[in-house]
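1. With the input below, show me the fold.
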Amino acid sequence: MASFVDQNVDIPYTSRRSAVYGTQYMVASTQPLATDAGIQILAKGGNAADAAVAVAAALGVTEPFSTGLGGDCFCLFYSAKDRRVRSLNGSGRAPAGLTIDRLRNEFDISGSEIPFHNVHGATVPGAAAGWVDTVAHFGSGNLSLADIFQPAIELAEHGFPVGELTAPFWRAGAEVLLKASPNGGELLINGNAPLPGQVFRNPGLASTMRHLAKRGAPGFYEGPVADAIIECLRAQKSVMTHGDLRAHQSTLGISDSLEYRKHRLHESPPNGSGLAALLALGIVDTLETSGIVPSVDTMVHNGAEYLHMVIETLRLAFADARHYVCDPAFHSVPVSKLLAAKYLAERAKRYDPMHAAADVSHGRPLGGSDTVYFTVVDQEGNACSFVNSLYHSFGTGIVPRGCGFAIHDRGGLFSLDPSHANCLEPGKRPYHTIIPAMVTVDGDLFMSYGIMGGYNQPQAHLQVLLNAVCFGMNPQQALDAPRICIQVEDDRVAIEDGVDQKTIDALRRMGHNVYVVTGLQRSLFGRGQIIKQYIDQSSGIRVLVGGSDPRSDGQAQGR
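-> Numbers count the residues shown, from 1 in each chain. Predicted structure coming up:
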C-alpha cells in the first residue's frame, strides 16, 4: 500500500529525470542502493529472477516501513526461451485457528474488517518463501542464495544513508513501531526515525537473511526466526502457531491476460487484484470499438473526456474485482467469464459519456498498500516484475526480537461478512492489492512494469499503459504524467497536482467529487518503475529503456 504522511510538505526538487537506456540489462526500483544490488547480481552472471530477489532483499533494508521479510510478494517472470509469462504468488494465509466468530467473541472486533496495524491482521509472511522459490523456479542456477543476499547483508551490517523522500515516510510510521512492539526500536535510531542522509544499520536483519541464505525457507519458517515471530505475536494474543509457519507454500501459475491494440497485458491471478486492471482495459477497448468513445489516442491526454472515461471504467472494474476476487482455493473466481467480450459489452453499457455514475454495483457474469515495486530485464531477454509489501506502514508494527523486520497486517483486507467470497476463513489468503504487470506483443516482451500503492495499483497500471500505447510516451514520461486515483470506499476522486484547472472544473460539472493532491502526499498515486525494450532498426540491437517514478527516491540503471 502507498505510504502516507500526516503533515504534507512540498517536494524540494523540481528536476525531472530523463529515460535511461542500455543494451545488456537493466534494473529499476524505488531505492538507488537496491537498484545497484540488482546490477551487482546481473554483473556476476545472475538472471532477472536472481537480481529481483537481491533487489527485494536490499529494499527490505533501505525501506523497512514498506517492505521486507515480514510481508508478502508476487512476481511475474517472462522467459525469453519459451516466451511465456509465469506467476508466483508469495502471499500468506490466515492462521488455522482464526475465525470470524473468534474475532467477534474473543477479541472484540466488531467492524467489517480487521483494524489497521492490528495483530490479528498478521497472516503468515509469504515473502521469505517467495524469494527462495523465485530463485529456485526462475533463477539462473549460477548463484547461491548467499551470493544473492550478500549486497543486502552488507547494506544492513555496514549501514546506508537514508534517502530524502524516504525519511518522511519512515518518520510517519515510527509511532506505530513504538506503540506496537517492545522491539520497535530495532528499526529506529535512539527511538527516532532516521533523518535524510543519516546512516542506519540493521544487524538483526543481516542475521535473519543469513539464516534464509543458509537453509532456504526453513531458515525463516523454522528455527530461531520462527520462534521470534511466534513469541512476539502470541504475546499480543495472536493465534498464529509454528504449524501455520511450517505449512506455508508459494503458488506457481500462469498470468491472466487481455489484449488491447495488439499489446497483451499480463497480471497476477487471484487472490491478486490484477483482474481489476484487465477489466478496466477490456471496458476501454469495448467503448472504443463500439464507438461509445472516440479512439483514445485522439483524446486530449488528461483532459476531461479522457479522465472521465478512465474514472468510470475503473469504477466498473473495481465493483467486480472487490466482489469476486478472493482465494481461489476456497471460492471459484470466474476470470474467463468476467473478461469475455459479451460480459465486457454489458458492463460498457453502464458508461455515460457525460455524467459520473451515482452508484456502481458489480455485474453477474455467471450463466443462470506499504509496498515496493521493481523490475529487472537481463541480458538473455528474461524479465521479472516483482512487488513486495507490508500493507500499511510497518504493517502491524510488531518486530520479532533481533530479526530486524516488521510483520505485515495484510489480513486487514479480509471481509468479516461470512457471506462474502473474500471473508476470513482459516488457512485462507486475503484479497491482495499488490500486483506486478507485464506487456507482450506477439509473445515478445514489450515492457515490464508496475506501480505500488494499495488500490491505486490497477488504476495506475491502466493509466501508464494507455500513456505508453496510446500516447507514445517513453517510460519516464509515462511515469511523470499526473495520475488520478478513485477512492474505492467512497465517491471521491484524487487528482494529482499538474492536471489543468479547466479539466478539474469540467469533471466537477460532470458529477465527479474530485480533490487535488500535492507535495509528498502524491505518494497516493504510487511509485512506479518501467523497463521497455525494442529493436533498433538501424543496428538490429535490442535497446532497453527505463523509467523510475519521481514520487520516490528511485532509480533506473542499465548497461
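2. switch to C-alpha atoms for all contacts and neighbour counts from now on
-> Noted.
3. pLDDT score assigned to the residue nearest the centre of the chain?
-> When C-alpha atoms, centre = their mean is applied to the chain, the residue found nearest the centroid is I434 (3.5 Å). Note on I434: pLDDT of 89.
4. just D490 next, same as before
-> D490 is given a pLDDT of 80.
5. picking that back up, now the residue nearest to the centre of the chain: which helix or strand?
-> Assessed by DSSP states H and E, I434 sits outside every helix and strand.
6. How about the contacts made by it?
-> Contact analysis of I434 by C-alpha atoms under 8 Å, 6 or more residues apart in numbering lists 1, 73-74, 272-273, 369, 371, 387-389, 452-454, 457.
7. One more: V469?
-> Contacts of V469 (C-alpha under 8 Å, 6+ apart): H263.
8. Now it, what are its backbone angles?
-> Here is the backbone geometry of V469 (degrees, to the nearest 10): phi -80, psi -40.
9. Quick check: it vs Y260, distance?
-> 9 Å (C-alpha to C-alpha, to the nearest Å).
10. And D500, by the same measure?
-> Distance from D500 to Y260, by C-alpha to C-alpha: 28 Å.
11. higher neighbour count, those two?
-> Using other C-alpha atoms under 10 Å as the criterion, D500 and Y260 rank with Y260 on top: 18 against 12.
12. which non-adjacent residue is nearest the more buried one?
-> The shortest distance from Y260 to any non-neighbouring residue, by C-alpha to C-alpha, 6 or more residues apart in numbering, is to D285 (6.6 Å).
13. residues near the one you found, how many?
-> 22.
14. would it count as being in a strand?
-> No: if the criterion is DSSP: H, G, I helix; E, B strand; the rest coil, then D285 is helix and not within a strand.
15. Please look at it and L258 and confirm they touch.
-> No: between D285 and L258 there is no contact under C-alpha atoms under 8 Å: 10.3 Å.
16. In what element of secondary structure is I39 found?
-> With DSSP H and E as criterion, I39 is part of helix 32-43.
17. So which bits of that helix are buried?
-> Neighbour-count burial for helix 32-43 flags 32-42 (criterion: 16 or more other C-alpha atoms under 10 Å).
18. and it, how far out from the chain's middle?
-> Distance, stretch centre to chain centre, for helix 32-43: 20 Å (C-alpha atoms, centre = their mean, to the nearest Å).
19. And that helix, what does it pack against?
-> Applying 3 or more C-alpha pairs under 8 Å, 6 or more residues apart in numbering; DSSP states H and E, one finds that helix 32-43 contacts strand 26-29, helix 48-62, helix 145-158, strand 555-558.
20. closest one to E222 among those?
-> helix 145-158 (17.5 Å; C-alpha to C-alpha).
21. Downstream of that closest one, the next helix or strand is which one?
-> strand 160-161.
22. so where is the stretch 101-250 of the chain shaky, pLDDT-wise?
-> Of all residues in the stretch 101-250 of the chain, none has pLDDT under 70.
23. Likewise for the chain?
-> Along the chain, segments meeting pLDDT under 70 span 1-15, 359-370.
24. For S336, the count of nearby residues, please.
-> Neighbour number of S336 under other C-alpha under 10 Å is 12.
25. Can you tell me how far it is from I189?
-> 50 Å.
26. same question, I486
-> For I486, the distance to I189 - C-alpha to C-alpha - is 37 Å.
27. likewise Y515?
-> 37 Å.
28. what's the answer for I292, then?
-> 57 Å.
29. Next: A146.
-> If you go by C-alpha to C-alpha, the gap between A146 and I189 works out to 28 Å.
30. For those two, indicate the residue with more neighbours.
-> A direct count of neighbours by other C-alpha under 10 Å for A146 and I189 places A146 higher, at 17 against 14.
31. I'd say that one and S207 touch.
-> No: A146 lies out of contact with S207 (C-alpha under 8 Å); the separation is 11.9 Å.
32. give the contact list for I407.
-> Taking C-alpha under 8 Å, 6+ apart, one finds 69-71, 122, 125, 390, 394-400 in contact with I407.
33. ok, and the most crowded of the residues you listed?
-> F394 (36 neighbours).
34. how about that one, what does it touch?
-> F394 touches 64-67, 173, 176-177, 370, 406-408, counting by C-alpha under 8 Å, 6+ apart.
35. If we use 10 Å, what do you get?
-> 3, 63-68, 70-71, 117, 170, 172-177, 180, 184, 187, 370, 405-409 (C-alpha atoms under 10 Å, 6 or more residues apart in numbering).
36. List just the nearest of the contacts of I407 to A481.
-> Out of the contacts of I407, the member with the shortest distance to A481 (by C-alpha to C-alpha) is L390, at 26.8 Å.
37. Quick check: that closest one vs A406, distance?
-> Relative to A406, and taking C-alpha to C-alpha, L390 is found at 8 Å.
38. Between those two, which contacts overlap?
-> 64-71, 396-397.
39. which of those lies closest to F138?
-> Among the shared contacts of L390 and A406, and counting by C-alpha to C-alpha, the member closest to F138 is L69, at 19.5 Å.
40. Work out for me the element that closest one sits within.
-> Judged by DSSP H and E, L69 forms part of no helix or strand.
41. Wait, it touches G60, no?
-> Yes: assessed by C-alpha atoms under 10 Å, L69 is found in contact with G60 at 7.0 Å.
42. Give me the common contacts of those two.
-> Common neighbours of L69 and G60 (C-alpha under 10 Å, 6+ apart) are 205, 388-389, 404-406.
43. need those residues in a markdown table with neighbour count, can you?
-> Compiled in a markdown table, those are given as follows (neighbours: other C-alpha atoms under 10 Å):
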| residue | neighbour count |
| --- | --- |
| L205 | 25 |
| N388 | 35 |
| S389 | 38 |
| G404 | 28 |
| F405 | 29 |
| A406 | 32 |
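44. Out of the residues you listed, which comes closest to G90?
-> N388 (8.9 Å).
45. so that closest one bridges to which residues?
-> On the basis of DSSP bridges, N388 takes part in beta bridges with C73, V372.
46. what's the spacing between it and R171?
-> 20 Å.
47. Am I right that R429 is in a strand?
-> No: R429 sits outside any strand when classified using three-state DSSP, being coil.
48. hang on, it packs against S250?
-> No: assessed by C-alpha under 10 Å, R429 is found out of contact with S250, at 11.3 Å.
49. These two - which one has more neighbours?
-> R429 (29 against 20).
50. any idea how far Q521 is from N192?
-> 21 Å.
51. So if I had to pick from those two, which one is more boxed in?
-> Q521 (20 against 14).
52. Can you tell me the SS state at the more buried one?
-> helix.
53. I'd like to know how far it sits from A341.
-> Counting by C-alpha to C-alpha, the gap from Q521 to A341 is 38 Å.
54. And for T166?
-> Applying C-alpha to C-alpha to T166 and A341 gives a distance of 43 Å.
55. who's more crowded, these two?
-> Legend: neighbour count by other C-alpha under 10 Å for T166 and A341, higher for T166 (23 against 15).
56. Find the nearest non-adjacent residue to that one, please.
-> T166 sits nearest to D553 (C-alpha to C-alpha, 6+ apart), 6.8 Å away.
57. thought the one you found was touching P196?
-> No: with contact defined as C-alpha under 10 Å, D553 does not reach P196; the gap is 11.2 Å.
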